[in-house]
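Q: can you look at this prediction? I've put the sequence above it.
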Amino acid sequence: PLYDIHEFWDSQPVPKAYEKIDESMYDQQIDVPKTVADVRPEPYTLPPGYTWANIDIGNRTEAQEVYDLLTQNYVEDDDNMFRFDYSIEFLQWALTPPGFHKEWLFGVRGGKKNKLFGFISGIPVDTKIRGKQVTMAEINFLCVHKSLRTKRLATVLIKEVTRRVNLHDIWQAIYTAGVLIPLPISKTTYWHRSLNPKKLVEVGFSSLPANTPMARYVKLLKLPGETSVKGLREMQKSDVKVVHDLLNAYLSKFEVHLHFTEAEVAHFLLPRAGVVDTYVVENPQTKEIKDFLSFYHLPSSILKHEVHKTLRVAYCYYNVANTVPMEELIRNALIIAKQKDFDVFNALDIMENETLLKELKFGIGDGNLHYYFYNWRVPEFKPNQIGIVLV
Ligand SMILES: CCCCCCCCCCCCCC(=O)CSCCNC(=O)CCNC(=O)[C@H](O)C(C)(C)COP(=O)(O)OP(=O)(O)OC[C@H]1O[C@@H](n2cnc3c(N)ncnc32)[C@H](O)[C@@H]1OP(=O)(O)O
Ligand SMILES: CN(C)Cc1n[nH]c2ccc(-c3ccc(F)cc3OCCn3ccnc3)cc12
């Protein structure tokens, strides 16, 4: 609970759990204004035997080292049955958007083999918060090897990435986590839509509802073999401009959202095999595009099962529905994911998602994803006011 002592976070410019609400303090930074000249010029001190190392994620060998660290040491579910298994291609996609800064992708090396024991990443994002534009760093992939846990190494990684971001005259950040630390700007819930119920029951991801034989459970969750939306097709380069306009227009409806450049829309939404899928709806008569759907591929390793080693998971990404009902659009995303042999389709209750989860037979997940700002005070938002998906 929040009244716990947070040695590190109580020293950081984030709202305190106990602070009195003062509306006049909202929509501004928490820290005293600083300039780049105030930023510590040298990296933070690491324990003896460890060194800082920038990671060139575009270099296959270095990307493999990050993959190896994360696939063994990154986020597990509460029951330690599954662990995220981000692929190398996914990491390269997530961490090299237009305008990224190489020195914001780095880790800690040590030992005889100069092994990678820790990692953290930042990418620049243009956020809009209650109508105010704030350039931030989006922090992700914080990971410390299991053999080095609870030695406060994470706090050094966080302070170092803060320092490196500050050197670019950026003083705010956005991040999400399953853990509850001071202080969430929103507490969202994740939901799962089974696509391969038999496998999900076999690996313990789902349990058969009471008095429901497997055959009936499978029938309950069956989806059409083909999509229903006319004119649905994979996004291509020539769609970037219209998808860019549709996305920014749609996201401006939310209290907290990102603003994407065309180059960022091309980077984050053009289909990449095994990473991200985007489909546009091209009106067969007018050839106009007014809707699109997208989901990203993030498998989880199944930690304790002899036969099944990987859970193939699709995650709801950005979806805009202007001429098609959102429910039908997302149902078509489910159908495509099933056609592509995904086992489950995950979604947060952010944006408009909560309005379609039940109808589309999603089941509620066992935990939350909290959204956080660093050094920016806002009132707490409901999930349907959040228009940002962090991978
Ligand atoms: C202006 C720019 C600013 C940029 C920076 C913005 C801030 C960015 C913040 C980062 C955003 C990342 C977002 C992201 O990547 C998505 S959330 C996923 C984070 N990664 C994992 O969960 C992977 C598995 N776990 C680990 O690798 C370790 O357990 C980690 C590394 C998590 C902690 O390593 P450890 O060996 O277990 O722990 P110590 O070194 O002893 O440190 C303990 C302190 O760390 C605090 N802690 C624990 N988990 C945290 C988390 N997920 N966020 C923030 N803080 C977290 C904890 O509350 C405690 O502080 P307290 O004593 O005050 O309570
Ligand atoms: C977002 N990005 C920062 C990775 C990340 N970190 N921590 C997390 C905790 C939950 C989710 C999440 C987000 C959306 C979703 F539909 C299901 C999720 O978790 C499933 C349960 N689970 C937790 C861990 N392994 C499996 C992601 C994350």
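A: Received it, and whenever you're ready, just let me know what you need. Ligands and ions are numbered 1, 2, ... in the order given.

Q: how about the residues of the stretch 201-350 of the chain that lie near ligand 2?
A: For the stretch 201-350 of the chain, the residues in contact with ligand 2 (CB under 6 Å from any ligand atom) are Ser300, Tyr315, Asn346, Ala347, Leu348. Heads up, the C-betas are built off the backbone N, CA and C, glycines and all.

Q: quick one: which of those sit in strands?
A: Within these, residues falling in strands by DSSP state E are Ser300, Tyr315, Asn346, Ala347, Leu348.

Q: type out the PyMOL command that picks the buried ones from those.
A: Buried subset of those, written as a PyMOL selection, criterion 16 or more other CB atoms under 10 Å:
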select buried, resi 300+315+346+347+348
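
Q: just to revisit the earlier point, need the residues of the stretch 201-350 of the chain next to ligand 2 in TSV (columns: distance to ligand 1 and pLDDT).
A: Shown next, in TSV, are those (distance: CB to the nearest ligand atom, whole Å; pLDDT from 0 to 100):
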residue	distance to ligand 1	pLDDT
Ser300	13	98
Tyr315	14	99
Asn346	16	98
Ala347	18	99
Leu348	14	99
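
Q: quick check: of these, which lies closest to ligand 2?
A: Asn346 (3.1 Å; CB to the nearest ligand atom).

Q: contact partners for that closest one?
A: Contacts for Asn346 (CB atoms under 8 Å, 6 or more residues apart in numbering) come out as Tyr190, Trp191, His192, Arg193, Val313, Ala314, Tyr315, Cys316, Gly365.

Q: now, among the residues you listed, which is nearest to ligand 2?
A: Once CB to the nearest ligand atom is applied, the member of the contacts of Asn346 that ends up nearest ligand 2 is Tyr190, at 3.4 Å.

Q: could you give the mean pLDDT of stretch 52-66?
A: In this model, stretch 52-66 carries a mean pLDDT of 98.

Q: how long is stretch 71-83 end to end?
A: Terminal residues of stretch 71-83 lie 7 Å apart, using CA to CA, to the nearest Å.

Q: list the buried residues of that stretch.
A: Buried residues in stretch 71-83, counted by 16+ other CB under 10 Å: Thr71, Asn73, Tyr74, Val75, Asp77, Met81, Phe82, Arg83.

Q: output the below-cut-off pLDDT ranges for the chain.
A: 1-2 (pLDDT under 70).

Q: what residues does it put near ligand 1?
A: Within the chain, the positions near ligand 1 by CB under 6 Å from any ligand atom are 6-9, 73-75, 137, 139-144, 149-155, 158, 161-162, 165-166, 170-173, 175-177, 179, 181, 374-375.
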